[in-house]
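Colleague: Quick one, what's the 3D model for this:
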Amino acid sequence: MPLPGSFDRYDAQLTTPGLVILEMVADSRADATRQLATRLAAEDRIDDLEGFLADVAAREHQLATGLPGGIGLPHARSEHVRQPSIAVGITKYGHALDFGAMDGPAYVVLLIATPAASFSEHLEVLATMARSLSKEGFRDSLRRANDPDIIAELVNSALLFADP
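Modeller: A predicted model of the protein is given here:
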């Protein structure tokens with residue numbers, strides 16, 4: 001049995017419909033990250049919005065987090081994270097965001113938040129999501145779902161059914 005607050009990919013509800021923003025309009029990647037982090041705070045998954053945003057910004061300054069295929073993947077391990085979580089933003093048509101990917105802007109933004117002490121869990125979540133997001137079918141499913149319940153199920157299932 002996992003420790004309280006530890007990551008169990010078979011029991012993980014990393015995202016919920018409440019952590020999904022459809023038709024997201026943001027001025028910048030920092031604004032998008034703030035909107036998503038605000039959802040994490042509202043669901044009590046982080047305990048300090050500004051502290052967590054500072055950790056995400058510090059990580060973002062190290063290396064761009066844009067992935068091919070229109071994906072933004074800001075992420076951070078932080079002392080302010082209560083439980084591993086992913087907030088998802090699907091941009092409104094015409095409102096893609098620059099996350100530094102070589103092939104262009106992001107239409108889907110996934111903010112990954114993990115506790116500072118959970119280095120291996122952070123890498124597992126990040127690697128699993130990156131593998132899933134490298135598949136065009138998965139990206140298209142997220143983009144076209146238009147329903148927070150379906151998007152949450154897609155993200156949670158990506159972790160559950162990923163190769164260990």
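
Colleague: alpha carbons only for contacts and neighbour counts from here, please
Modeller: Will do.

Colleague: Just name the shakiest helix or strand of this protein by mean pLDDT.
Modeller: helix 119-133 (a mean of 89; mean pLDDT, DSSP states H and E).

Colleague: And it, what does it pack against?
Modeller: Applying 3 or more CA pairs under 8 Å, 6 or more residues apart in numbering; DSSP states H and E, we find helix 119-133 packed against strand 108-115, helix 136-145, helix 148-160.

Colleague: Out of the ones you listed, which one sits most buried?
Modeller: strand 108-115 (a mean of 26; mean count of other CA atoms under 10 Å).

Colleague: Run me through the strand neighbours of it, direction for each.
Modeller: Strand 108-115 pairs in its sheet with strand 71-72 (parallel), strand 75-78 (parallel), strand 85-91 (antiparallel), by DSSP bridges.

Colleague: Low-confidence ranges, this protein, go.
Modeller: 1-12, 162-164 (pLDDT under 70).

Colleague: Wait, a helix at Arg34?
Modeller: Yes: secondary structure of Arg34 (DSSP: H, G, I helix; E, B strand; the rest coil): part of a helix.

Colleague: Got phi/psi on the residue nearest to it when sequence neighbours are not counted?
Modeller: Using CA to CA, 6 or more residues apart in numbering and skipping residues adjacent in sequence, the residue nearest Arg34 is Leu53, 6.9 Å away. Note on Leu53: its backbone torsions stand at phi -60, psi -40 [degrees, to the nearest 10].

Colleague: Spit out the contact partners of Leu53.
Modeller: Neighbouring residues of Leu53 by CA atoms under 8 Å, 6 or more residues apart in numbering: Thr33, Arg34, Ala37.

Colleague: follow-up on the earlier one: residues of the least confident helix or strand of the chain that come out buried?
Modeller: Glu121, His122, Glu124, Val125, Leu126, Thr128, Met129, Ser132, Leu133 (16 or more other CA atoms under 10 Å).
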